[in-house]
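Novice: got a structure for you, letters missing:
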């Protein structure tokens, strides 16, 4: 456990360490946020009485009441429009859309209102909205229940985008997101909801837009976010059996991207493989690859490789494993970089 400095600058007791799943870590962070700030509101489809389709908001309505944690109609555009109105009136909304594929009907509100209102009003109407979005694949759900929309949101000026990969980051990154006065799309990897790890319930001690090295290495850097971080760690563990030491960099923040941390890692290893679930063409991996090339051109020993989903609609059910990046595909990309 570590000594903490709380948000007022006062030294506090050591942060407790508890074993939590990502689902529980998000729930714990929401409890903290609701307790510390009476302007925080949590709402969405079935988040109140049911506790959410993944039970992430379980028990919150009972503890904080149905005026602060409440259900909405099945209307994603209305949910985000309501968040805009609440933010303009001084609230700090935390809406949830049940699945990432359900965000498409709300794109108009997200892009034209949430992302632009602060700019449009010259700062008179900030949008401290955190959109919680269960995201990505890995659970073989029906169509529209698994997507990878980070490139759409990251391309939209005015939005911040973050994707935790483990319970500890899910806790601290949500605290950062909701406390920010800018709108944040908080993408929760559904496939990692039930993974349990020791979590230090600490205050965030890094600025927004900071990546982290999950596993150090020296032969190549694997860059990923969300559920693909775990897959890259698995690939690195297998590569280590053959004497190849792969560094795994979790970007965490997809906007702003930690260009400095990314460049520092790749400059050390001289090779980079970017892994994400979204289709290849115009995926966020292209932006990451460009940043690597711009900042590490003289250090690179090989072209940047990308391992991604395919340029097809996100498949449903049993076809999903054929679409998602596999350990074999990741290791093949590593092999290609090592051939130079």
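Specialist: Perfect, thanks for sending it. The shown structure was predicted, so the numbers you read here are calculated from the model rather than taken from an experiment.
Novice: Tell me where the model's unsure across this structure.
Specialist: 1-13 (pLDDT under 70).
Novice: Can you list the buried residues in stretch 68-80?
Specialist: Using 16 or more other C-beta atoms under 10 Å as the test for burial, stretch 68-80 gives 68, 69, 70, 72, 76, 79, 80. Glycine gets a C-beta too; all of them are placed from N, C-alpha and C.
Novice: Over to stretch 210-217?
Specialist: 210, 211, 214, 215, 217.
Novice: can you list the residues you listed in JSON lines and add distance to residue 85 and secondary structure?
Specialist: Output for the buried residues of stretch 210-217, formatted as JSON lines (distance: C-beta to C-beta, whole Å; DSSP: H, G, I helix; E, B strand; the rest coil):
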{"residue": "210", "distance to residue 85": "32", "secondary structure": "coil"}
{"residue": "211", "distance to residue 85": "34", "secondary structure": "coil"}
{"residue": "214", "distance to residue 85": "40", "secondary structure": "strand"}
{"residue": "215", "distance to residue 85": "44", "secondary structure": "strand"}
{"residue": "217", "distance to residue 85": "48", "secondary structure": "coil"}
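Novice: Pull the contacting residues for residue 331.
Specialist: 235, 238, 239 (C-beta atoms under 8 Å, 6 or more residues apart in numbering).
Novice: So how do I select the buried members of those residues in ChimeraX?
Specialist: In ChimeraX syntax, the buried subset of the contacts of residue 331 is picked out as below (16+ other C-beta under 10 Å):
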select :235,239
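Novice: ok, back up a step: just flag the most distant two among the buried residues of stretch 68-80.
Specialist: 68 and 76 (20.7 Å; C-beta to C-beta).
Novice: Out of the buried residues of stretch 68-80, which comes closest to residue 172?
Specialist: Ranked by distance to residue 172 (C-beta to C-beta), these are led by residue 69 at 21.5 Å.
Novice: Setting the sequence-adjacent residues aside, check what's closest to that closest one.
Specialist: residue 61 (4.1 Å; C-beta to C-beta, 6 or more residues apart in numbering).
Novice: and the one you found, that's in a helix?
Specialist: Yes: counting by DSSP: H, G, I helix; E, B strand; the rest coil, residue 61 is found in a helix.
Novice: What are the neighbouring residues in contact with residue 49?
Specialist: Going by C-beta under 8 Å, 6+ apart, the list of residues near residue 49 reads 61, 71.
Novice: measure it to residue 55 for me?
Specialist: Using C-beta to C-beta, to the nearest Å, residue 49 is found at 12 Å from residue 55.
Novice: what about residue 188, which SS state?
Specialist: Going by three-state DSSP: residue 188 is strand.
Novice: Off-centre distance for stretch 280-289?
Specialist: Put simply, stretch 280-289 sits 16 Å off its chain's centre (C-alpha atoms, centre = their mean, to the nearest Å).
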